[in-house]
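In: Okay, structure incoming, though there's no sequence with it:
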């Protein structure tokens, strides 16, 4: 018992003495707010002093539109009144004369049709309800009438009211539901014993430990109030890196471990570097605005003349034993500025100025494609790639580095499949086995 | 990239789809995208338009797995009237054509569908939507040979186009016929349009737009056909024609192919050309490049698997292959025939030192400092739009993208826009929200665009003092002495805005965000923010 008493906070001590009163009076007498009292009761319940019984019940009240309709009638009543004088009426006339909004008119028509009071035929509304039916108040109207005077508990609705409630709650702001908490509690035997002893108990406990208490040494003479070590504390959120950048750092570490050097370069580049230098013919579909982001009203600069002429020749007639694509290469097309579509721009720029062998380079960077955004597409994403340059490197070495890279990425089961890129030969696609989906997924090209 | 859909029953007449065969198809670089009870869908890469039909695919795949190929292709010499007279009038419009005659095909519905499908796929891919290559196929019995390829004035051209119920003149076709409208741009600006005309002066077609309904429509009664391809690159046309002719030959074993003579004013050509093209290859280079050790007879065997042949250090290229431009293309084919799965990956003995970019090291240091202060890093798109800029109070002349499929069509000029957007998207989340981002921004400088890395830090709820504290902390940790000067900026509150200077050069702003900007972004919490351009700091890296 004393074990419990020593854990009581000043607030709980205050409430414990008021437990003979109902919840509302405790609030009044303690001068505390609703929430604090409720929390204190919860703590007391946790400590086995009281049994707490919280009943939640739902209360129906009129919504904003409900209040208006209670005064001015429901839209279906307005339409019905109009029909009572006309019997048959064209839809657009009915709408005009009933002075209902588009939405209200639609709802009114729907309601009356479902009650079989009207028929719709060839753009006209025909009244088919009898006089008595028209005069009689609908269940919905009866419910609204009731609610005008006082709120009703949801579980106290009659069968008829229930059906009216179900149709009205679907309509906009006619009804609203409020939640009401009914709090009841009773003292346990343990609680009763504590109340008996609490007055006599030592009330002079140390609450928060302050610099004064430490300095004065009072703590040696007094007892500390015991805390409930299990009670919840508010959550806090620390700073952290963005997960994409964490993944980039992870990937970068792999390249660095394998002895690769980082390449960097601008996102904006010319078609020359992004496409032409990579042997992508100028009429290739990827070079259309449909696929690539070109920048308006700009023109880029081409690199040194000698290189430009070589590229031109590679496309037109071919160089180093190639036949070329056989078309007239345009400098203007090559000068277009775009947001790079792959990091291979960086590889080719590195290769163009490379002087010393062997060399190993990698890049991680943003690339862009003209795409709509959905769960599996974005117009902007990251790519990573590496190049190894030496006199005697071959296809098996390429596969060796790929295997190692994927292993370090965590993909142990991979396979190599032929594919096509304008700028690599032989080309290979890397597929990884997805252990959960049990299927092979394309995850890279080389 | 195009997908090839094949009727499964038809396919299995040639090859049974066992699990081993399915795996083999995948490893051939032609992944099976879908496989149902009736259909098999295969992805065909853009370098292999010759495989855009079932027969084309089988032609290559059967030789890969060692089945004898479907057909020996024999092309007979042209008969007397099998020639096309090419008038100089087409020279500046659509100068070249390649033609052939195929006899005894005996079309049925399935074959008609197959050949039209192939024609459509070749138009879309290799033909670059008919610009580069347009293909026409005609029932021979409706044509009076020989044929002429010439250009005439549009108002002198009149015929009933395919699937149309009356005659139209050339201009009407481009305006009214659905296919005419789709491809009208290909004849834009020409005062004469190209035509194929037979010797009775009947118009067969107006390439690259449409055939005549009378002489240019294949039906189940068609046995013999005339085939033409037109365009600007004779070499591509010849290859395209070869793909069509080989496919027609595969369709019927009893068919007979004839070449045609193309008579130019000053010379002639004969197509189709199945006299195979050669390219010299070196066994040594092959072995060196792909890291294997094969002998000449093995090389010949591998090349045969890929539909080529080998003789005296030369590869003889399959006549329908358009993608063999260089020896390396042959080497790739050798690797595919060898089987990628049969290569043992190895890491070579290459000693190099790994090195991370100094900029990246600095960026990570800044990020770590801010994370240490409890900031959350964000990462956002480099593209924005005029609404987002206006909401943030920016109205500088934006850098626009030619065409964007999404609502984002401009390059961001600062990161504040991105920062505001993220805070605005999270107004229902818990506060405080202290965020930062390092990213690329773009600024117009005369006719060029300057690209730089920038850092934005935004605190919410917050004020000038707190933002300045963060800036000063960063300055201290990065060994930079920033100074602040009063500034006016539409994104910030007047009197609580500063420009940030480093070595007397303005590198950014700091301040409390203007309530108007907050309101535009539906924010109710005060935000203080600063942004600095990192390029000035990068300059110091080179001295370190």
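Out: Received it, and whenever you're ready, just let me know what you need. Note that the structure is predicted; figures quoted are calculated from it, not measured. Numbers count the residues shown, from 1 in each chain, chains lettered A, B, ... in the order given.
In: can you list the weak-confidence ranges in the stretch 1-150 of chain B?
Out: Along the stretch 1-150 of chain B, the model assigns pLDDT under 70 to residues B:1, B:68-71.
In: residue contacts, the residue in it positioned nearest to chain A?
Out: The stretch 1-150 of chain B approaches chain A most closely through residue B:29 (3.2 Å), counting by C-beta to the nearest C-beta. Bear in mind the C-beta positions are built from the backbone N, C-alpha and C, glycine included. Contacts for residue B:29 (C-beta atoms under 8 Å, 6 or more residues apart in numbering or on different chains) come out as A:417-420, A:429, B:45, B:336.
In: of all those residues, which comes closest to residue B:424?
Out: Among the contacts of residue B:29, residue A:429 lies closest to residue B:424 (C-beta to C-beta), at 40.9 Å.
In: Thought residue A:444 was touching that closest one, still the case?
Out: Yes: here residue A:429 reaches residue A:444: they are 7.2 Å apart, a contact under C-beta atoms under 8 Å.
In: so is the residue of the stretch 1-150 of chain B closest to chain A in a helix, a strand, or just coil?
Out: For residue B:29, the assignment made with DSSP: H, G, I helix; E, B strand; the rest coil gives coil.
In: Any figure for the gap between it and residue B:63?
Out: 15 Å (C-beta to C-beta, to the nearest Å).
In: Find the nearest non-adjacent residue to residue A:203, please.
Out: residue A:13 (7.3 Å; C-beta to C-beta, 6 or more residues apart in numbering or on different chains).
In: helices and strands around the helix or strand harbouring the one you found, which ones?
Out: Counting by DSSP states H and E, the element that carries residue A:13 is helix A:10-16. Applying 3 or more C-beta pairs under 8 Å, 6 or more residues apart in numbering or on different chains; DSSP states H and E, we find helix A:10-16 packed against helix A:23-30, helix A:34-46, helix A:189-198.
In: Repeat the analysis, applying 10 Å as the threshold.
Out: Contacts defined by 3 or more C-beta pairs under 10 Å, 6 or more residues apart in numbering or on different chains; DSSP states H and E place helix A:10-16 against helix A:2-5, helix A:23-30, helix A:34-46, helix A:189-198.
In: Could you tell me whether residue B:276 really is in a strand?
Out: No: per three-state DSSP, residue B:276 lies outside any strand segment and is coil.
In: That one is in contact with residue B:318, isn't it?
Out: Yes: at 7.3 Å, residue B:276 counts as touching residue B:318 under the criterion of C-beta atoms under 10 Å.
In: For chain B, what's its nearest residue on the stretch 1-150 of chain A.
Out: residue A:35 (18.3 Å).
In: Can you name the residues that contact that residue?
Out: Taking C-beta atoms under 10 Å, 6 or more residues apart in numbering or on different chains as the criterion, residue A:35 is in contact with residue A:27.
In: Could you check the pLDDT of residue A:408?
Out: pLDDT for residue A:408: 97.
In: Can you say which helix or strand has it in it?
Out: With DSSP H and E as the test, residue A:408 turns up in helix A:395-409.
In: now the angle from the helix or strand just after that helix to helix A:395-409?
Out: Following helix A:395-409 in sequence order, the next helix or strand is strand A:414-418 (DSSP H and E). If you take axes from the mean of the first three to the mean of the last three C-alpha atoms, to 10 degrees, strand A:414-418 sits at 140 degrees to helix A:395-409.
In: buried stuff in strand A:414-418?
Out: For strand A:414-418, the neighbour count (16 or more other C-beta atoms under 10 Å in any protein chain shown) marks A:414, A:416-418 as buried.
In: any idea of the pLDDT on residue B:459?
Out: 98.
In: isn't there a helix covering it?
Out: No: using three-state DSSP, the secondary structure at residue B:459 is strand, not a helix.
In: my guess is residue A:218 meets residue A:205, correct?
Out: No: Residue A:218 is beyond contact range of residue A:205, at 11.4 Å (criterion: C-beta under 10 Å).
In: what's the helix or strand harbouring residue B:284 in contact with?
Out: Here residue B:284, judged by DSSP H and E, is contained in helix B:283-290. With C-beta under 10 Å, 6+ apart as the test, helix B:283-290 has contacts from A:392-396, A:398-399, A:425-426, B:282, B:292-296, B:298-299, B:302, B:310, B:313, B:315, B:327-328, B:330-332, B:334-335, B:338, B:343.
In: tell me which of the buried residues of strand A:414-418 is nearest to chain B?
Out: Chain B lies nearest to residue A:418 out of the buried residues of strand A:414-418, by C-beta to the nearest C-beta, at 3.2 Å.
In: Tell me how many other residues surround residue A:342.
Out: Residue A:342 has 22 neighbouring residues, counting by other C-beta atoms under 10 Å in any protein chain shown.
In: and if you look at residue A:310?
Out: 14.
In: Next: residue B:46.
Out: Using other C-beta under 10 Å: residue B:46 sits among 16 other residues.
In: Ok, residue A:203 next?
Out: Neighbourhood size, residue A:203 [other C-beta under 10 Å]: 12.
In: next one: the one 3 residues further on
Out: In terms of burial, residue A:206 registers 14 neighbours under the definition other C-beta under 10 Å.
In: cool, the one 3 residues further on as well?
Out: Other residues within reach of residue A:209, judged by other C-beta under 10 Å, total 10.
In: Wait, a helix at residue A:255?
Out: Yes: judged by three-state DSSP, residue A:255 forms part of a helix.
In: That one against residue A:388, yeah?
Out: No: assessed by C-beta under 10 Å, residue A:255 is found out of contact with residue A:388, at 11.3 Å.
In: If you count surrounding residues, which of these two has more?
Out: Between residue A:255 and residue A:388, counting by other C-beta under 10 Å, residue A:255 is the more crowded of the two (24 against 21).
In: Look up the closest residue to that one, ignoring the ones flanking it.
Out: Closest residue to residue A:255 apart from its sequence neighbours, by C-beta to C-beta, 6+ apart: residue A:362 at 3.9 Å.
In: circling back: could you find the closest non-adjacent residue to the residue of the stretch 1-150 of chain B closest to chain A?
Out: Per C-beta to C-beta, 6+ apart, closest to residue B:29 is residue A:418, 3.2 Å.
In: Break chain B down into its structural domains.
Out: The record assigns chain B these domain ranges, following automatic domain parsing: B:2-64, B:75-271, B:278-342, B:358-541.
In: do chain A as well
Out: Split by automatic domain parsing, chain A gives A:2-49+A:188-224, A:246-401, A:402-446.
In: Which among those domains is found nearest to residue B:14?
Out: Among the domains of chain A, domain A:402-446 comes nearest to residue B:14, with 21.7 Å by C-beta to C-beta.
In: does residue A:342 count as helix, strand or coil?
Out: When classified by three-state DSSP, residue A:342 comes out as coil.
In: show me what contacts it?
Out: Neighbouring residues of residue A:342 by C-beta under 10 Å, 6+ apart: A:274-275, A:278, A:286, A:348, A:363, A:365, A:367-369, A:383, A:385, A:421, A:423, A:445.
In: What of residue B:322?
Out: B:47-50, B:126, B:235-236, B:238-240, B:242-243.
In: From those residues, list the ones also adjacent to chain A.
Out: Subset of these in contact with chain A: B:47-48, B:235-236, counting by C-beta under 10 Å from any C-beta of the partner chain.
In: What is the subsequent helix or strand relative to the longest helix along chain B?
Out: For chain B, the helix with the greatest residue count under DSSP state H is helix B:234-251. Next helix or strand after helix B:234-251 toward the C-terminus (DSSP H and E): strand B:256-264.
In: buried sites along that next one?
Out: B:257-264.
In: Check stretch B:41-54 too.
Out: B:42-54.
In: Can you give the distance from stretch B:352-371 to the centre of its chain?
Out: Remark: stretch B:352-371 is offset 35 Å from the chain centroid, using C-alpha atoms, centre = their mean, to the nearest Å.
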